[in-house]
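Q: what follows is a predicted protein model with its sequence.
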Amino acid sequence: MKNPSYGTILTTVNTMMGSSCLIVPLVFLKSGLVTSILVLLCVGYASFKMASILLIHGKRNEDDLSIIVRRILGKK
């Protein structure tokens, strides 16, 4: 049975986000609006850059980040 792509995307997002979505309002309340927005922007930028690197340097047969890193940096 095939999963529709919409369901797969929602499941993946749910797995990635997890329960952290529930704690975000509390963190905003405790740390203040300006600090929270700055941290949120920094984390968003880091996530964007990482996704860009994966899209640029990833190959079709590489399913895992560790495989891409090992190919780029070499084995130790």
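A: Noted; the coordinates are in hand.
Q: chain center to stretch 65-76, what's the gap?
A: Centroid separation for stretch 65-76 versus its chain: 19 Å, with C-alpha atoms, centre = their mean, to the nearest Å.
Q: do stretch 38-52 as well
A: On C-alpha atoms, centre = their mean, the centre of stretch 38-52 falls 9 Å from the chain's centre.
Q: for it, what is the average pLDDT?
A: Mean pLDDT, stretch 38-52: 89.
Q: buried stuff in it?
A: Of the residues in stretch 38-52, none count as buried by neighbour count, 16 or more other C-beta atoms under 10 Å. Glycine gets a C-beta too; all of them are placed from N, C-alpha and C.
Q: one more: stretch 68-76?
A: Going by neighbour count (16+ other C-beta under 10 Å), the buried part of stretch 68-76 is I68.
Q: next secondary structure after the lengthiest helix in the chain?
A: Using DSSP state H, we find that the single longest helix of the chain is helix 33-57. Proceeding N to C from helix 33-57, the next assigned helix or strand is helix 65-73, under DSSP states H and E.
Q: which secondary structure elements does that next one contact?
A: Using 3 or more C-beta pairs under 8 Å, 6 or more residues apart in numbering; DSSP states H and E, the elements in contact with helix 65-73 are helix 33-57.
Q: just give me the residue closest to the centre of this protein.
A: Nearest to the mean C-alpha position of the chain, by C-alpha atoms, centre = their mean, lies S47 at 5.4 Å.
Q: the inter-axis angle of the strand or helix carrying L29 versus helix 33-57?
A: Using DSSP H and E, L29 maps to helix 20-31. With axes from the mean of the first three to the mean of the last three C-alpha atoms, to 10 degrees as the basis, helix 20-31 and helix 33-57 are set at 140 degrees to each other.
Q: perfect, that will be all.
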